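Asker: Got a sequence here, can you model it:
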Amino acid sequence: MRLSPPLVARLTALAVLLAFLVRPEAFAPLLAPLTRNGAPAIYNQGSLMALTIAHLTTVAVAIGAATVVAIALAVFVTRPAGAEFLALSRSIVNIGQTFPPVAVLALAVPIVGFGEKPTIIALFLYGLLPIFENTLAGLTGLPGNVVEAARGMGMTDRQRLLGVELPLALPVILVGVRLSVVIALATATIGSTVAAKGLGEVIIAGLLSNNLAFVVQGGLVVGVLAILLYDALSALERAAARRAGRVTRPETA
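Answerer: Numbering: from 1, shown residues only. Model (predicted):
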């Protein structure tokens, strides 16, 4: 099977990223011109692989929690019993966009202390809005005949939600998840200002020591991760859309 050029480029980027995280010293000659006065070209205050895993873990926990809460809230306000709470729900999920992540960190540290927790709180609040709005759009934009057909088949409200509505809305929901993940990957770098483990440590160390090599390698790792995760989630969206298309064709025929 012949691989497409975009796929080859992504696989190459992944291979180079893994090689850099496993053997960063092999890339020292490339980054050495960015250093001054004999400063190290490769971050030497911790393992880049460990920091990358910690960074991804923080993002996964925060966006995983945001996904659960945002979808549950969107489902609730699209049911008759929760329709009157739509405006309130929108106000709640907008909190994360109203306050900058730095402000959330400053407010969270006195309550939960330094470390990963304030970063997770900030990313959680910041990730709610895209997922909530996309879930809302996906559930309210379903073809009425499909929902009515499911109701006519005798499906309960729960069966319609889990078996019809959410699967059909999944491609739109995943768009919101993708946006939140990419935003969180970049935003999580500020967590290092409150002692959270992550790639922000590399960037901040470079800024403090005036070592451009540290800043570049930290930024590049975050950037490549964002691109790869963006592409992976986009592929999931397309797969979900194809599956939803196969589900809806018999209903609309």
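
Asker: Where do the helices of this protein begin and end?
Answerer: Along the chain, the stretches classed as helices by DSSP state H are 5-22, 28-31, 48-77, 86-93, 95-98, 101-112, 116-140, 144-152, 157-160, 166-187, 200-209, 212-252.

Asker: any idea how far the first one is from the chain center?
Answerer: If you compare the mean C-alpha spot of helix 5-22 with that of the full chain, they lie 20 Å apart, counting by CA atoms, centre = their mean, to the nearest Å.

Asker: backbone phi and psi for the residue nearest to residue 28 when sequence neighbours are not counted, please?
Answerer: Nearest residue to residue 28 in three dimensions, chain neighbours excluded: residue 41, at 4.4 Å (CB to CB, 6 or more residues apart in numbering). Every C-beta, even on glycine, is put in place using the N, C-alpha and C of the backbone. Phi and psi for residue 41, reported as degrees, to the nearest 10, are phi -80, psi -30.

Asker: quick one: contacts for residue 41?
Answerer: 28-29, 31-32, 34-35, 213 (CB atoms under 8 Å, 6 or more residues apart in numbering).

Asker: Go ahead and build a PyMOL selection from the buried members of those residues.
Answerer: The buried residues among those can be selected in PyMOL (16 or more other CB atoms under 10 Å) with this line:
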select buried, resi 31+34+35+213
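
Asker: tell me the contacts of residue 124?
Answerer: 62-63, 65-66, 69, 96.

Asker: hmm, 6 Å instead?
Answerer: Residue 124 sits next to 62, 65-66 when contact means CB atoms under 6 Å, 6 or more residues apart in numbering.

Asker: Quick check: of those residues, which has the highest neighbour count?
Answerer: residue 66 (28 neighbours; other CB atoms under 10 Å).

Asker: And that one, how far from residue 102?
Answerer: Per CB to CB, to the nearest Å, residue 66 is found 18 Å from residue 102.

Asker: can you check residue 136 too?
Answerer: 28 Å.

Asker: okay, these two: which has more neighbours?
Answerer: residue 136 (25 against 13).

Asker: where's the more buried one relative to residue 243, distance?
Answerer: Relative to residue 243, and taking CB to CB, residue 136 is found at 21 Å.

Asker: most neighbours per residue, which of the helices of the chain?
Answerer: helix 116-140 (a mean of 24; mean count of other CB atoms under 10 Å).

Asker: nearest residue to residue 221 other than its sequence neighbours?
Answerer: residue 199 (5.6 Å).
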